[in-house]
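Participant: Pasting the sequence and the predicted coordinates here, then a few questions.
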Amino acid sequence: MSGGLEVASDRLLSLMKKGVSVEQVAQVTKGFADAGVLVHAYLMYGFPTQTVQDTVDALEYVRQLFENGCIHSGFFHRFVCTVHSPVGQNPEAYGVTLLPLPEGTFAKNDVGFVDPTPMPPGVDHDLLGQGLKKAIYNFMHGVGVENDVRQWFELPKGQCPKTTVPRHKIAKALG
């Protein structure tokens, strides 16, 4: 079963109006997994207003989903704003400014945007994405699932915060 968890962040899921929490996703995916169904999670990073803290916390949730047997595989994609998406249609609701569409007559779909969310100097979503992809690849192979998620990010010293997600939050949600 493949599903779009999108962002493993209750704040961002709420902003997206997904109507689901990370704990609910854990319960549903665990049900599938316990029934013998392999679960693949599609995830994204770089959503408007997503901070370094949000990203570290999201990876901790994903780590716990693997640790608790809720998901078996996953893939992190970089968020892309499209002209027909909720962000593209209502950018002010997401705190972003859209850039002008490029010249041309074919396939005007992806639109650049400016996210005013402050990021530490030298840190960007592409750099964070490298760590996310490395982590999830290893998690799928059972490597590093027990470790602090900060190990996967190659950020300048002092720019990778500790997760704010309790270490056993998903296990507790599963009861």
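Facilitator: Good, I have the coordinates. Numbering: from 1, shown residues only.
Participant: Now do the SS call for residue 18.
Facilitator: coil (DSSP: H, G, I helix; E, B strand; the rest coil).
Participant: That one - how many residues pack around it?
Facilitator: Using other C-beta atoms under 10 Å, residue 18 is surrounded by 16 other residues. Placement of C-beta: from N, CA and C, glycine included.
Participant: do you know how far it is from residue 4?
Facilitator: For residue 18, the distance to residue 4 equals 9 Å [C-beta to C-beta, to the nearest Å].
Participant: Likewise for residue 107?
Facilitator: In this view, residue 107 and residue 4 are 23 Å apart by C-beta to C-beta.
Participant: now residue 146
Facilitator: Counting by C-beta to C-beta - residue 146 and residue 4 are separated by 27 Å.
Participant: neighbour count winner among these two?
Facilitator: More neighbours surround residue 4 than the other of residue 146 and residue 4, with 11 against 8 (other C-beta under 10 Å).
Participant: and that one, what element?
Facilitator: Element membership for residue 4, per DSSP states H and E: strand 2-6.
Participant: That strand pairs with which strands, and in what direction?
Facilitator: Paired with strand 2-6 in the same sheet, following DSSP bridges, are strand 40-45 (parallel).
Participant: In contact with the residue lying closest to residue 73 once chain neighbours are set aside: list those residues for me.
Facilitator: Closest residue to residue 73 apart from its sequence neighbours, by C-beta to C-beta, 6 or more residues apart in numbering: residue 40 at 4.6 Å. Residues in contact with residue 40 (C-beta atoms under 8 Å, 6 or more residues apart in numbering) are 1-3, 71-75.
Participant: Using PDB, list the CA coordinates for the helix or strand containing residue 11.
Facilitator: Secondary structure assignment for residue 11, by DSSP H and E: helix 10-15. Below are the C-alpha coordinates for helix 10-15, written out as PDB (Å, rounded to 0.1, in the frame of the first residue of the first chain):
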ATOM      1  CA  ASP A  10       1.100  17.800  12.800                       C
ATOM      2  CA  ARG A  11       1.600  21.600  12.300                       C
ATOM      3  CA  LEU A  12       2.100  21.200   8.600                       C
ATOM      4  CA  LEU A  13      -0.600  18.600   8.100                       C
ATOM      5  CA  SER A  14      -3.000  21.000   9.700                       C
ATOM      6  CA  LEU A  15      -1.700  23.900   7.500                       C
END
